[in-house]
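>>> pasting the sequence and the predicted coordinates here, then a few questions.
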Amino acid sequence: MSHFPSDIAFTPAVKAIQSRKGSRKSYARMEQSGGWQTTVTSDLTEFLADLDMFYLGTANAAGQPYIQYRGGPPGFLKVIDDRTLAFADFGGNRQYISVGNLSENPQAFLFLMDYANSRRVKVWGTATVVEGDSELLAKLSDPTYPGRVERAIVFTVEAWDVNCPQHIHQRVSQRQVAPVIEQLRQRISALEADLAGVRRP
């Protein structure tokens, strides 16, 4: 039986290794002081608002894991309530591995990455595939995004934690770098105009 939210990941086997490697005491203090979150807080909501990608982990009934990149418009992973997240599932290569896995094993995992700011959040829980719910799909859809929404994935949060930023390679998306490039182009154009004026006799 789990006593702490982190027990969803810190199994007896994990704790035994932590003990052997010398980190169990510090994690035990973390557990006793409240430990990982089990509801969607304002901090997590703010983090999700600008997120345009994440990784979804599922596993089939035999335990074979599968990780899938999920991308969409900023904020497409939406907060439904303090225990529930959901996102629109866009049409893809029609392999349906995640959908199939969830049909026989609801346990799922979200790995939320903010490469630009070297931040990552891990979310454990269960997920359900929802089809034909027009009200929910309308809530999750973004008419400005070109992807075709086929269904919704609804994720029930059991525990989440902010991971340490070590070894996160900083990357920026085209959406984030485009305004900077545009500013530079405008600055170059202005400087070229100034230079042309100086060169005129």
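Received the coordinates, thanks.
>>> may I see the buried residues of the biggest strand by length in the chain?
Using DSSP state E, we find that the single longest strand of the chain is strand 149-163. For strand 149-163, the neighbour count (16 or more other C-beta atoms under 10 Å) marks 149-161 as buried. For the C-beta atoms, the positions are set from N, CA and C on the backbone; glycine is no exception.
>>> any chance of those residues in CSV, plus pLDDT?
CSV is the format used below for the buried residues of strand 149-163 (pLDDT from 0 to 100):
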residue, pLDDT
149, 90
150, 92
151, 95
152, 97
153, 97
154, 98
155, 98
156, 98
157, 98
158, 97
159, 97
160, 97
161, 96
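>>> quick check: the farthest pair among the residues you listed?
The distance between the two most remote of these (C-beta to C-beta) is 30.8 Å, for 150 and 161.
>>> helices or strands up against the worst-scoring helix or strand of the chain on mean pLDDT?
None of the helices or strands of the chain scores lower by mean pLDDT, DSSP states H and E than helix 174-199, at a mean of 91. Using 3 or more C-beta pairs under 8 Å, 6 or more residues apart in numbering; DSSP states H and E, no helix or strand is in contact with helix 174-199.
>>> distance from the chain centre to it, please.
Its chain's C-alpha centre and that of helix 174-199 lie 34 Å apart, by C-alpha atoms, centre = their mean, to the nearest Å.
>>> cool, stretch 163-172 as well?
Relative to its parent chain, stretch 163-172 has a centroid offset of 14 Å by C-alpha atoms, centre = their mean.
>>> show residues contacting it.
113, 115-116, 118-122 (C-beta atoms under 8 Å, 6 or more residues apart in numbering).
>>> dump those residues to a markdown table, plus neighbour count.
Output for these, formatted as a markdown table (neighbours: other C-beta atoms under 10 Å):
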| residue | neighbour count |
| --- | --- |
| 113 | 18 |
| 115 | 15 |
| 116 | 13 |
| 118 | 15 |
| 119 | 15 |
| 120 | 19 |
| 121 | 20 |
| 122 | 16 |
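>>> now, which of those sits nearest residue 7?
Nearest to residue 7 out of those is residue 122 (C-beta to C-beta; 14.3 Å).
>>> what is the host helix or strand of that closest one packed up against?
According to DSSP states H and E, residue 122 maps onto strand 119-130. Applying 3+ C-beta pairs under 8 Å, 6+ apart, one finds that strand 119-130 contacts helix 42-49, strand 84-90, helix 97-104, strand 107-114, strand 149-163.
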